[in-house]
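**Student:** 3D, please:
(one chain, ligands or ions: 1)
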Amino acid sequence: MSSPQKFGYKQSHLSLERLLSGMPLDEWYVKTTNRQKDLHVSSCYILPPKIAPDDGRCLRFSDYDEPSRIYAEFVTMNAGLGNRGPMKGFKQHKWCQLCIKRNRKEKLNEHHILFQCYSLRRLQNRHGLTEYARNLAGLEVEQIYKKYWTDNLPSDVISGRIESADAIRYVYINTVKALLRPQQKVILKNLAIQK
Ligand SMILES: [Zn+2]
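**Tutor:** Numbers count the residues shown, from 1 in each chain. Okay, the predicted model is just below:
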C-alpha cells in the first residue's frame, strides 16, 4: 500500500508533467519567462528576451552610472511619475495630472509622458519625439516606446534619448509638484506681499 505522502508526490509529478507538456524544464522556463515578460506592458515588456535559464538579460546600458539608472527606470516603466507608487509627499495618481488640469482623463505612464501628453508637446517636439512617433505612424504607442529604447543605434544616440526622457520627466514631475502644492504658492504670494 502506498502512503498518502507518496500519492501526493505522484500527483504533483503528474501536474508538473502536464505543465511542461513534454518540454524539457529549461526550455519551458525560458519560454514561460519570455511570454510573461511580453504580457506585462506595464513593467517588463521591453527587457531583452531570455535565451538561457541562467543568462543575465543584460540591458543595453548596465553600468553603475546615472545614464544606466535612468535607462533602466524607463525600460522597466518605473520612472517615478507617481503612477506605480506615490511621489514622496504626494498621493499616487493613475491619471496624468497635467491632462487633468485640462479636464482630460489620460492614463499616466511613461508612454504618455514621452509621446502623448499634450501639455508636454513643445518638449516632445524639441527632443525629436513627435517626429519619431510620426515616422512610426500605425504602430501602437507601446511599440513606439519599446522601439525608442531598443533601436539598434550607436550608444551616443541612445544616450541622447536617455537625456531627452529625463528632461521631460523632470518637467512633468516638477510641474505636477507645483500644481499640487497650492499652499506653497499662497505662502510665496504672502511673502511677496510682505516685501
Ligand atoms: Zn498628460
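**Student:** okay, helices next: where are they in the protein?
**Tutor:** 4-20, 25-39, 66-75, 97-101, 110-111, 121-126, 129-134, 141-150, 155-179, 182-194 (DSSP state H).
**Student:** mind checking which of those helices is nearest the ion?
**Tutor:** Nearest to the ion, of all the helices of the chain, is helix 97-101, at 3.5 Å by CB to the ion. (C-beta placed from N, C-alpha, C; glycine too.)
**Student:** pretty sure Glu73 sits against Arg84.
**Tutor:** No. The pair Glu73 / Arg84 is not scored as a contact, 10.8 Å apart, by CB atoms under 8 Å.
**Student:** deepest of the helices of the chain, which one?
**Tutor:** helix 110-111 (a mean of 22; mean count of other CB atoms under 10 Å).
**Student:** quick one: contacts of stretch 81-90?
**Tutor:** 42, 77-78, 80, 91-94, 97, 107-110, 113, 169, 172-173, 176-177, 180 (CB atoms under 8 Å, 6 or more residues apart in numbering).
**Student:** so that stretch, near the ion or not?
**Tutor:** No. Residues of stretch 81-90 are not located near the ion by CB under 5 Å from the ion, the shortest gap being 10.3 Å.
**Student:** dump that stretch to PDB, keeping only the CA atoms.
**Tutor:** The C-alpha trace of stretch 81-90 is given here as PDB (Å, rounded to 0.1, in the frame of the first residue of the first chain):
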ATOM      1  CA  LEU A  81       5.900  59.500 -12.300                       C
ATOM      2  CA  GLY A  82       3.700  58.800  -9.300                       C
ATOM      3  CA  ASN A  83       1.600  56.100 -11.100                       C
ATOM      4  CA  ARG A  84       3.100  52.900  -9.800                       C
ATOM      5  CA  GLY A  85       3.700  54.400  -6.400                       C
ATOM      6  CA  PRO A  86       3.200  57.900  -4.900                       C
ATOM      7  CA  MET A  87       5.900  60.500  -5.400                       C
ATOM      8  CA  LYS A  88       7.300  61.400  -1.900                       C
ATOM      9  CA  GLY A  89       4.800  63.800  -0.200                       C
ATOM     10  CA  PHE A  90       2.000  63.200  -2.700                       C
END
